[in-house]
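*Asks:* what follows is a predicted protein model with its sequence.
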Amino acid sequence: MMVETNNLLYYRIKDINGTEASIKYADTRFTEAEIVSELNYKISQTSPGLWEVVKLARAGEKKVSIIQTKPAGSMVITILRHHKKYYIRRSQNHKLRFYLLTGSDDELLSIVPVIDWQKNIPVLIYR
């Protein structure tokens, strides 16, 4: 999987199987975004440090998760349907890395930011 971007407002995720999704922020305040994939979602900031993720469908909108920022740059993602929590944390040393963890601190995903300085395009690679 690879995450690509050419500016601060647009990110595209490509899977090795050809699956693709993108997120586009409305402006540099990052208070609202739209996720485009096989299913469409909208992210809206409801208060400082708190976002709601809503699934967009013909029948209407349905809130599916809540994202909350915590001290030290960590985030909590609550999936409402399954009553599960996931955590995003960053490394505390000089090698920047982000981790997606389960509620019991099992690591699901590790993201290592890499920048191509010649093209000046940040690329995120997960391992």
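*Replies:* On my side now, so go ahead. Numbering: from 1, shown residues only.
*Asks:* distance of the spatially most central residue of the chain from Lys55?
*Replies:* Central residue check for the chain by Cα atoms, centre = their mean: the C-alpha nearest the mean position is that of Ile23, 8.5 Å away. Noted for Ile23: a distance of 15 Å to Lys55, by Cβ to Cβ, to the nearest Å. The way it works is simple: take the backbone N, C-alpha and C, and place the C-beta from them, glycine included.
*Asks:* so which residues make contact with stretch 53-60?
*Replies:* Contact with stretch 53-60 is made by 35, 39-44, 61-67, as judged by Cβ atoms under 8 Å, 6 or more residues apart in numbering.
*Asks:* closest one to Leu96 out of these, please.
*Replies:* Set against Leu96, the nearest of those by Cβ to Cβ is Ile67 (20.5 Å).
*Asks:* what residues sit buried inside the helix or strand that contains that closest one?
*Replies:* Element membership of Ile67 [criterion: DSSP states H and E] is strand 60-69. Using 16 or more other Cβ atoms under 10 Å as the test for burial, strand 60-69 gives Ser65, Ile66, Ile67.
*Asks:* measure the first one to Ile43 for me?
*Replies:* Just to be clear, that refers to Ser65. From Ser65 to Ile43 the distance is 9 Å (Cβ to Cβ).
*Asks:* quick one, what contacts the closest residue to Val53 other than its chain neighbours?
*Replies:* Excluding the flanking residues, the one nearest Val53 by Cβ to Cβ, 6 or more residues apart in numbering is Ser65, at 4.4 Å. By Cβ under 8 Å, 6+ apart, the contact list for Ser65 reads Glu52, Val53, Ile77, Thr78, Ile79, Leu80.
*Asks:* please repeat the previous calculation with a cut-off of 6 Å.
*Replies:* Residues counted as contacts of Ser65 (Cβ atoms under 6 Å, 6 or more residues apart in numbering) are Val53, Thr78, Ile79, Leu80.
*Asks:* if you skip the residues just before and after it, what's nearest to the third one?
*Replies:* Okay, so that is Ile79. Leaving aside its sequence neighbours, Ile79 sits nearest to Ser65 (Cβ to Cβ, 6+ apart; 5.1 Å).
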